[in-house]
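**Student:** attaching a predicted model along with its sequence, questions to come.
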Amino acid sequence: MLKSKTFLKKTRAGGVLKIVREHYLRDDIGCGAVGCTACGGAHEGPALEPQPQDPASSLCPQPHYLLPDTNVLLHQIVSAWRPGTGASVASSLRLPGSLETYVEQEQGENANDRNDRAIRVAAKWYNEHLKKMSTDNQLQVIFITNDRKNKEKAVEEGIPAFTCEEYVKSLTANPELIDRLACLSEEGNEIESGKIIFSEHLPLSKLQQGIKSGTYLQGTFRASRENYLEATVWIHGDNEENKEIILQGLKHLNRAIHEDIVAVELLPKSQWVAPSSVVLHDEGQNEDDVEKEEEREQMLKTAVSEKMLKPTGRVVGIIKRNWRPYCGMLSKSDIKESRRHLFTPADKRIPRIRIETRQASTLEGRRIIVAIDGWPRNSRYPNGHFVKNLGDVGEKETETEVLLLEHDVPHQPFSQAVLSFLPKMPWSITEKDMKNREDLRHLCICSVDPPGCTDIDDALHCRELENGNLEVGVHIADVSHFIRPGNALDQESARRGTTVYLCEKRIDMVPELLSSNLCSLKCDVDRLAFSCIWEMNHSAEILKTKFTKSVINSKASLTYAEAQLRIDSANMRDNITTSLRGLNKLAKILKKKRIEKGALTLSSPEVRFHMDSETHDPIDLQTKELRETNSMVEEFMLLANISVAKKIYEEFSEHALLRKHPAPPPSNYEILVKAARSRNLEIKTDTAKSLAESLDRAESPTFPYLNTLLRILATRCMMQAVYFCSGMDNDFHHYGLASPIYTHFTSPIRRYADVIVHRLLAVAIGADCTYPELTDKHKLADICKNLNYRHKMAQYAQRASVAFHTQLFFKSKGIVSEEAYILFVRKNAIVVLIPKYGLEGTVFFEEKDKPNPRLIYDDEIPSLKIEDTVFHVFDKVKVKIMLDSSNLQHQKIRMSLVEPQIPGISIPPDDISNMNLNGPQKKKMKFEK
């Protein structure tokens, strides 16, 4: 025992409590060096490498371990070291908490100085300790610090010490590591003789005072994808007024980066602006050309009616940076031999980043990762450093890695710790598994899924009962039987939150043994399930509901097409087909009832790629065909989810995990209402039912596709559906489904929310026991927050995968002309949808190095007049589609207008000779003066 403190404390009841605090130092922590006899058997946990790999350091030629101080560990360890390029890194060294290395804080010494001294003592102890191992042992510990005083004191005490830069520069075998050093001082990296561009950020103390007094507002900074000079700040808190604040112009954005937590100052009403309709991308090469930025900012300012003005502000300080490593490409400098280059992130919401690298020629044309270090006031762009080379642009593996990293999708292989909790193979159902479980293997159950589906979550059955009623069952894979609360498998599933489906790849939430085998309800094998069984009459009215854990044996695994063929066939009358027909008949009644209650039937163009069996490149692109059987399965999944939601809320009114879909604010519908009005149609949006009825009535005999376009546009007006804990909210309504309560129960293989719901339902029916976290509403709210984030990121990753495969498709297909419909009109562009491919794209009418046409934009109608031609939403046009590879930073599908013909704007159908789409032109090199 090092020391003991005793003090007395008076309790609320008036008693006296004696508190004794004892401080112990452990003497059983070894040094970690293999073969050290002095430490005896105290070598639990990871050991140091017996002989560190020779890092070929000119400063320290002998084998050595590195001991970085805290700041180096925080700022440099991820950047500057990677396995196999240096000595064993400090994380392997376990600083002993023994009597020899414990350091007390001295009088007048601050905590930081005490910590520095403690690390020096540990470094010295290690060097002396390692010498005792053997007389010929040359191993030593090198102390790495960027603190000048700390380094000087270490050298005085005989400890080999270097700055991070000194050590990394000495690694002759890995000269590229110098590029990975973080730029720690913003001031030290300012552009030479650069003038001040941005105002100074206020210190945190002043920001907190300002937020408390109401002078400033705190919120999350969201950059725009379409306009790099515009952003919004979503204000934290319950204040409905000024919930969303617009920022326009570089100086008002003031060096904030997407997802940063910022403090904003509201501008006077006379300076408020309307959201801009201009599409602006940062394509300038000259990083200091601020005058041009000011010219572009003028484009944002247009004469608008006062009701369109929104609260407008400026960033006065950063409360929390939410930087992450960014994927993208190097924009090599025009100046020959220059080490300073611009990096263009794949995410258009992130500004370009200035980095220094000696490997520009190697990195050009490759996807790389860069980290931001800081953003000085006199630099147009933030400073950063190179982290990792991912591979060549356009390669499928590289681009897939980029979109997974950019959307924060956990995709590393499952660890051994996680895999250790999987059942041992061969696996079979035991008597213990059958406890609290019904045997339903005699029922004629089948599954209906998309082609190629291996993670089959759900199966169905329908049979007539002796009393003339129908028994309908939804049987869901019992994933919660295999994933027990709190173990490594459960924690990893919770972290991933959802399975992510890319065009050619599936990133599983649970290991494949569960997702594609033991939990998948494949036919002709016994599987554990969680069943929801209803007794219904022939009008689809529920008479009884039963929930039970079960064991089933599916009699058929069908695709939607196969199930449809059975239902439509005049010759098939087997049990499976009879069951499917019964389900389909009931599903139609259930859907009719839902729609009568106000459920929305919206539309979203989904595409399916047909892949070449050898190259796996897309050879065809079609919109997905939806059959009656798609709707049949959907109806019973919705019914099961609603039934389960009611049950778990009944049992756990404070701890039920539910899903809600908030009603959109009226302003969201403006674009839909205006678009319909331009076609002399009225869309009512006061309730979901009136919207659904308006959409049903919005038909045009001469324009049959109009109704689909309106439903696509209505989908864009919707809010995001979210998970929530019932004890933390009082609005449960699901707007899109017109249901007062809803949850997710039917896909536990691919959604962690469903696993929690299964656990709640199991406890509710007495089939399983509870655990503390399940009835902790704050823990449940945290789980919901992560699930909402993961689901949103999964959606974005899936869209990015479709976009990339669409590029591959048009790369091989070449240039095509197709009919399209206008979805939105912008100030300088139209956004079109091509029904044949389910593809959306933007046709720009202002291009660099070309005379600008006369454009008149009317937001009220909305319409865009180009020369003498007027474009309205839903107008039919013809566009040319091609892959534009002229900018390798962002290869994209480019669309150009073919019809209607506008001189100087439209491209004649057979004229593509002047399009340079094959790649970037070689730049003329400037010589550095």
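**Tutor:** It's in.
**Student:** buried ones in stretch 439-450?
**Tutor:** Taking 16 or more other Cβ atoms under 10 Å as the basis for neighbour counts, the residues of stretch 439-450 that come out buried are 440, 443-449. In short, each C-beta sits where N, CA and C put it, glycine included.
**Student:** which residues touch the residue nearest the centre of the chain?
**Tutor:** The residue at the geometric middle of the chain, judged as the C-alpha nearest the mean C-alpha position with Cα atoms, centre = their mean, is residue 793 (2.7 Å). Remark: with contacts taken as Cβ atoms under 8 Å, 6 or more residues apart in numbering, residue 793 is in contact with 407-409.
**Student:** tell me the one of the buried residues of stretch 439-450 nearest residue 777?
**Tutor:** Sorting the buried residues of stretch 439-450 by how near they are to residue 777, with Cβ to Cβ, puts residue 440 at the top with 34.1 Å.
**Student:** what about the helices in the stretch 151-300 of the chain?
**Tutor:** Ranges of helices in the stretch 151-300 of the chain, per DSSP state H, counting those that start in this stretch, are 164-169, 204-213, 250-253, 290-300.
**Student:** what is the rounded mean pLDDT of the second one?
**Tutor:** Okay, so that is helix 204-213. Over the span of helix 204-213, the pLDDT mean works out to 92.
**Student:** run through who's touching it.
**Tutor:** Helix 204-213 has contacts (Cβ under 8 Å, 6+ apart) with 202, 216-218, 263, 265, 316-317, 319.
**Student:** which one of those residues is nearest residue 678?
**Tutor:** residue 217 (36.8 Å).
**Student:** mind listing what that closest one touches?
**Tutor:** In this structure, residue 217 makes contact with 211, 233, 235, 242, 245, 263-266, 313, judged by Cβ under 8 Å, 6+ apart.
**Student:** kindly report the same for residue 503.
**Tutor:** When contacts are counted by Cβ under 8 Å, 6+ apart, residue 503 is found next to 609, 618, 801-802, 804-805.
**Student:** how close does it sit to residue 7?
**Tutor:** Relative to residue 7, residue 503 is positioned 66 Å away (criterion: Cβ to Cβ, to the nearest Å).
**Student:** likewise residue 281?
**Tutor:** For residue 281, the distance to residue 7 - Cβ to Cβ - is 65 Å.
**Student:** between the two, which has more neighbouring residues?
**Tutor:** residue 281 (14 against 9; other Cβ atoms under 10 Å).
**Student:** which residues does residue 822 form a beta bridge with?
**Tutor:** According to DSSP bridges, residue 832 are recorded as the beta-bridge partners of residue 822.
**Student:** OK, contacts around it?
**Tutor:** If you count contacts by Cβ under 8 Å, 6+ apart, residue 822 has them with 830-832, 871-875, 877.
**Student:** how about those residues in a markdown table, adding distance to residue 116 and pLDDT?
**Tutor:** As requested, the contacts of residue 822 are exported to a markdown table (distance: Cβ to Cβ, whole Å; pLDDT from 0 to 100):
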| residue | distance to residue 116 | pLDDT |
| --- | --- | --- |
| 830 | 62 | 91 |
| 831 | 58 | 90 |
| 832 | 62 | 92 |
| 871 | 67 | 91 |
| 872 | 69 | 90 |
| 873 | 65 | 89 |
| 874 | 68 | 90 |
| 875 | 69 | 91 |
| 877 | 68 | 92 |
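**Student:** could you redo those residues as JSON lines and give each row distance to residue 493?
**Tutor:** Supplementary listing: the contacts of residue 822 in JSON lines, determined by distance: Cβ to Cβ, whole Å:
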{"residue": "830", "distance to residue 493": "44"}
{"residue": "831", "distance to residue 493": "38"}
{"residue": "832", "distance to residue 493": "41"}
{"residue": "871", "distance to residue 493": "49"}
{"residue": "872", "distance to residue 493": "49"}
{"residue": "873", "distance to residue 493": "43"}
{"residue": "874", "distance to residue 493": "44"}
{"residue": "875", "distance to residue 493": "48"}
{"residue": "877", "distance to residue 493": "47"}
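**Student:** now intersect those residues with the strands, please.
**Tutor:** Where these overlap with strands, as defined by DSSP state E, the overlap consists of 830-832, 871-872, 877.
**Student:** closest one of these to residue 65?
**Tutor:** Top of the list for closeness to residue 65, among those and by Cβ to Cβ, is residue 831 at 57.9 Å.
**Student:** got a list of what that closest one touches?
**Tutor:** Contacts were defined as Cβ under 8 Å, 6+ apart; by that measure residue 831 touches 822-825, 840-843.
**Student:** most neighbours, which of those?
**Tutor:** Comparing those on neighbour count, residue 825 comes out first with 25 neighbours (neighbours: other Cβ under 10 Å).
**Student:** pull out the buried residues from the contacts of residue 793.
**Tutor:** For these, a neighbour count by 16+ other Cβ under 10 Å gives the buried set as 407, 409.
**Student:** list just the nearest of the contacts of residue 793 to residue 815.
**Tutor:** Nearest to residue 815 among these, with distances taken as Cβ to Cβ, is residue 407, at 30.2 Å.
**Student:** bridged to the closest residue to residue 809 other than its chain neighbours, which residues?
**Tutor:** For residue 809, ignoring the flanking residues on the chain, the nearest one in space by Cβ to Cβ, 6 or more residues apart in numbering is residue 618 at 4.3 Å. For residue 618, the beta-bridge assignment (DSSP bridges) gives partners residue 611.
**Student:** hmm, residue 804 and residue 618 touching each other?
**Tutor:** No: here residue 618 lies out of contact with residue 804, judged by Cβ atoms under 8 Å, at a distance of 9.8 Å.
**Student:** of those two, which one has the most company?
**Tutor:** More neighbours surround residue 618 than the other of residue 618 and residue 804, with 24 against 20 (other Cβ under 10 Å).
**Student:** and the gap between the more buried one and residue 806?
**Tutor:** Taking Cβ to Cβ as the measure, residue 618 and residue 806 are separated by 8 Å.
**Student:** next one: residue 760
**Tutor:** The spacing between residue 760 and residue 806, counted by Cβ to Cβ, is 41 Å.
**Student:** alpha carbons only: can I get stretch 680-697 in PDB?
**Tutor:** Written as PDB, here are the backbone C-alpha positions of stretch 680-697 (Å, rounded to 0.1, in the frame of the first residue of the first chain):
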ATOM      1  CA  ASN A 680     -53.600  21.900 -63.400                       C
ATOM      2  CA  LEU A 681     -53.800  19.200 -60.700                       C
ATOM      3  CA  GLU A 682     -54.400  19.800 -57.000                       C
ATOM      4  CA  ILE A 683     -52.500  17.900 -54.300                       C
ATOM      5  CA  LYS A 684     -53.900  18.200 -50.800                       C
ATOM      6  CA  THR A 685     -51.300  17.600 -48.000                       C
ATOM      7  CA  ASP A 686     -53.100  18.400 -44.800                       C
ATOM      8  CA  THR A 687     -53.300  14.700 -43.800                       C
ATOM      9  CA  ALA A 688     -51.700  11.500 -45.100                       C
ATOM     10  CA  LYS A 689     -55.200  10.300 -46.300                       C
ATOM     11  CA  SER A 690     -55.900  13.500 -48.300                       C
ATOM     12  CA  LEU A 691     -52.400  13.200 -49.800                       C
ATOM     13  CA  ALA A 692     -53.000   9.600 -50.800                       C
ATOM     14  CA  GLU A 693     -56.400  10.400 -52.300                       C
ATOM     15  CA  SER A 694     -55.000  13.400 -54.200                       C
ATOM     16  CA  LEU A 695     -52.300  11.200 -55.600                       C
ATOM     17  CA  ASP A 696     -54.900   8.600 -56.700                       C
ATOM     18  CA  ARG A 697     -56.900  11.300 -58.500                       C
END
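**Student:** can you list contacts of that stretch?
**Tutor:** In this structure, residues lying in contact with stretch 680-697 by Cβ under 8 Å, 6+ apart are 595, 597-601, 663, 666, 669, 672-673, 676, 698, 700, 707, 710-711, 714, 735-736, 738.
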